[in-house]
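Asks: Need coordinates for the below:
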Amino acid sequence: VPSRSYRRFANCYRGFYELQPELTRSIYDQFIAQLHSSIQEEIQEVKEEGNLEALFNSLDKIVEEAKNQEEPAWRPSGIPEEDVRSAAVPYLLKHRAYLHKMLKEKEEESRKEAEAVLAGRERIRELQQLIQARKHAWQ
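Replies: Residues are numbered from 1 along each chain as shown. Model prediction:
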């Protein structure tokens, strides 16, 4: 039973087919074999040029990993502002928490420095009083 492809080929070369059907079949088989070989070569060249083998392996790995996920993968909503927000908000919240922590640390440092300055001023005042008292006692 000839394939539909061969029947179309034979129909295109009807006169030749009617004269030599076996030769027509042989030419068709050679044509298909050459076409198949050329396509395979082209595909191989494209794979090599685009590093497709590695990309396909990477894609296979992603697909395998995705099979174990229960929830669907993230997909863009079509509204860039919302998509950016969904990615940026967790980062910004984390950064805000970090900034709050740093602010608390700096406030604590400032409080300690202010206490040290006040203690230093008190010590200077005490020393000035002591100097005045000794000056009066010496005179």
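Asks: how much space is there between residue 100 and residue 93?
Replies: The gap separating residue 100 from residue 93 is 11 Å, by Cβ to Cβ, to the nearest Å. In this view, the C-beta of every residue, glycine as well, is placed from N, C-alpha and C.
Asks: An error on my part: the question was meant for residue 63.
Replies: In terms of Cβ to Cβ, residue 63 sits 32 Å off from residue 93.
Asks: cool, and residue 129?
Replies: 54 Å.
Asks: Does anything pack onto the helix or strand hosting residue 45? Which helices or strands?
Replies: Residue 45 is part of helix 21-49 when elements are defined by DSSP states H and E. Contacts defined by 3 or more Cβ pairs under 8 Å, 6 or more residues apart in numbering; DSSP states H and E place helix 21-49 against helix 4-12, helix 14-19.
Asks: In JSON lines: those helices, plus distance to residue 69, mean pLDDT and mean neighbour count.
Replies: Formatted as JSON lines, the helices and strands packed on helix 21-49 follow (distance: least, Cβ to Cβ, whole Å; pLDDT from 0 to 100; neighbours: other Cβ atoms under 10 Å):
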{"stretch": "helix 4-12", "distance to residue 69": "42", "mean pLDDT": "91", "mean neighbour count": "12"}
{"stretch": "helix 14-19", "distance to residue 69": "56", "mean pLDDT": "91", "mean neighbour count": "12"}
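Asks: and of those, who's closest to residue 34?
Replies: Nearest to residue 34, of all the helices and strands packed on helix 21-49, is helix 4-12, at 13.3 Å by Cβ to Cβ.
Asks: Tell me which other helices or strands the closest one touches.
Replies: Judged by 3+ Cβ pairs under 8 Å, 6+ apart, the packing partners of helix 4-12 are helix 21-49.
Asks: which parts of the helix it packs on are buried?
Replies: By 16 or more other Cβ atoms under 10 Å, the buried positions in helix 21-49 come out as 24, 28.
Asks: quick check: mean pLDDT across it?
Replies: Averaging pLDDT along helix 21-49 gives 92.
Asks: how far is that helix from where the chain is centred?
Replies: 40 Å (Cα atoms, centre = their mean, to the nearest Å).
Asks: Now do it and helix 4-12, the angle between them.
Replies: Using axes from the mean of the first three to the mean of the last three Cα atoms, to 10 degrees, the inter-axis angle of helix 21-49 relative to helix 4-12 is 120 degrees.
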